[in-house]
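Peer 1: Give me coordinates for this.
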Amino acid sequence: MDFVEYKCPCCGAALKFSSGAQKLKCDSCGNKYDVAALEEWREAEQDTSEPELHWEYQKEAQGAKRTADGKYVCPSCAAEIEVDEDTVSTKCPYCDNVVVIKATASGEFEPDFMIPFQVEAGDARQRLENFCRGKRLLPRDFKNRSYLKNMKGYYVPYWLFDCDARADMSFRATRTRTWSDSEYNYVDTSHYLVHRGGEMEFYHVPVDGSTEMDDKTTESIEPFDYGGIKDFNPAYLAGYETDKYDVDARKAEVRAKERLYNTAEAALRNTVAGYDGLVVKRRQMGARSGKISYALFPVWLFETIYDKKKYQFAINGQTGRMVGELPVDKGAYWKYLCGFTALGTAVCSLIGILLFGGVL
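Peer 2: Alright, predicted model coming up:
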């Protein structure tokens, strides 16, 4: 017969069976457990399998009118258009109409939704200039408008994930109280096992479908206002650059799962209050009714090279939210650092004079 050691769910110490209470008892934290209930908990803890999170793309690929030599046919004037493999939309050089490039056998999709640009080019440029204004450590020549010329309006491809999810989590929680007497300081720590579970509905969790855009950048300019989302219409693409996704839906699922887990954990953690310490012990999530949509969202991009380093700024083309990194003038940095150091030394000297009445 194999020996089975039972651990306390709250503090992890070994349990002993109490004949008086007819329960398993922890001498460390004092908690007692019904045998049947503890067996159920052990089975759940030993089940390390993850419920499957699975989404289906509901819309079938829409075919394009493509010639045998790889060119595309303009639906307005029937002229043949030559484009590179990443192009989603272009302007027909013969009739000036916007042409959306649809793929056929490769399984690529025409977008389901899009959010049109709301921030004009001039406003986007002004936001960047305002962002640079007042930055004392910014190199003077960087503020020259010539550095801001590489601006483009760009529809970023996104995968949107919808699902109904069930999340279950358990936490190890502690409460600590301290007191003292004339001889000793005392610390009493109580241990608890806290379980939370709930149903959650996720709507349009966005995942950037372009490797050109860093996920940290695109997530920093979120959220987009889905009240402005529209069915895809190629007319909105006129005047802006648009590329197809190069991160497919299956690869995007990895990041979508991370975002769902993190959101669910934060939501359930926020329901646990009244403890001094809280550590996640276990989390699981399952999903149903999963659906994937393909969308284009508006972003203004500024890119420049300064002192042999690339700097990229992004502005949400709908809300105007902006993120980016600015270069630092090293000379100005050391100047301010030395100035603050000298000021700190002077203040310390003044305090010494006031406290001790002079300098020895």
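
Peer 1: what about the strands in the stretch 151-300 of the chain?
Peer 2: Here the stretch 151-300 of the chain has its strands, by DSSP state E, counting those that start in this stretch, at 151-180, 185-208, 230-231, 241-242, 277-306.

Peer 1: Taking the centroid of the protein, which residue is nearest it?
Peer 2: The chain has residue 219 as the residue nearest its centroid, 4.9 Å off, counting by Cα atoms, centre = their mean.

Peer 1: Without its sequence neighbours, what residue ends up closest to that residue?
Peer 2: Take residue 219 and drop its neighbours on the chain: the residue closest to it by Cβ to Cβ, 6 or more residues apart in numbering is residue 208, 7.7 Å away. (Glycine included, C-beta is placed from N, CA and C.)

Peer 1: residues touching the one you found, list them.
Peer 2: Counting by Cβ atoms under 8 Å, 6 or more residues apart in numbering, residue 208 touches 156, 157, 158, 215, 218, 219, 247.

Peer 1: just residue 115 next, same as before
Peer 2: Applying Cβ under 8 Å, 6+ apart, the residues near residue 115 are 224, 225, 228, 229, 230, 295, 296, 297, 298, 317, 318.

Peer 1: Those residues, buried ones only, as a ChimeraX selection?
Peer 2: Buried residues within the contacts of residue 115, by 16 or more other Cβ atoms under 10 Å, are selected in ChimeraX with:
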select :224,229,295,296,297,298,317,318
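
Peer 1: Save the contacts of residue 115 as a markdown table, and put in distance to residue 176 and pLDDT too.
Peer 2: What follows is the contacts of residue 115, written out as a markdown table (distance: Cβ to Cβ, whole Å; pLDDT from 0 to 100):
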| residue | distance to residue 176 | pLDDT |
| --- | --- | --- |
| 224 | 43 | 95 |
| 225 | 44 | 94 |
| 228 | 49 | 92 |
| 229 | 48 | 92 |
| 230 | 54 | 92 |
| 295 | 48 | 93 |
| 296 | 52 | 94 |
| 297 | 47 | 95 |
| 298 | 50 | 95 |
| 317 | 50 | 95 |
| 318 | 47 | 95 |
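
Peer 1: In JSON lines: the contacts of residue 115, plus distance to residue 288.
Peer 2: Listed next are these as JSON lines, based on distance: Cβ to Cβ, whole Å:
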{"residue": "224", "distance to residue 288": "25"}
{"residue": "225", "distance to residue 288": "27"}
{"residue": "228", "distance to residue 288": "28"}
{"residue": "229", "distance to residue 288": "23"}
{"residue": "230", "distance to residue 288": "28"}
{"residue": "295", "distance to residue 288": "22"}
{"residue": "296", "distance to residue 288": "28"}
{"residue": "297", "distance to residue 288": "27"}
{"residue": "298", "distance to residue 288": "32"}
{"residue": "317", "distance to residue 288": "34"}
{"residue": "318", "distance to residue 288": "31"}
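
Peer 1: which regions of this structure lie under the pLDDT threshold?
Peer 2: Counting by pLDDT under 70, the ranges of the chain that qualify are 1-4, 44-52, 57-66, 68, 75-76, 84-91, 96-109, 134-149, 327-360.

Peer 1: Which single one of the contacts of residue 208 is nearest to residue 110?
Peer 2: residue 157 (11.4 Å; Cβ to Cβ).

Peer 1: Quickly list what the closest one is bridged to.
Peer 2: Beta bridges link residue 157 to residue 296 when assigned by DSSP bridges.

Peer 1: when you give positions from now on, start the count at 397
Peer 2: Done: numbering now begins at 397, and the last item shifts to residue 553.

Peer 1: Could you give the number of residues near it?
Peer 2: 24 (other Cβ atoms under 10 Å).

Peer 1: State the distance from it to residue 637.
Peer 2: Taking Cβ to Cβ, to the nearest Å as the measure, residue 553 falls 12 Å from residue 637.

Peer 1: Overlap of the contact sets of those two?
Peer 2: Counting by Cβ under 8 Å, 6+ apart, nothing touches both residue 553 and residue 637.

Peer 1: Rebuild the contacts of residue 604 as a markdown table, extending it with distance to residue 592.
Peer 2: Putting these into a markdown table (distance: Cβ to Cβ, whole Å) gives the following:
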| residue | distance to residue 592 |
| --- | --- |
| 552 | 35 |
| 553 | 36 |
| 554 | 30 |
| 611 | 28 |
| 614 | 30 |
| 615 | 26 |
| 643 | 33 |
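
Peer 1: Pull out the buried members of the residues you listed.
Peer 2: Using 16+ other Cβ under 10 Å, the buried members of these are 552, 553, 554, 614, 615, 643.
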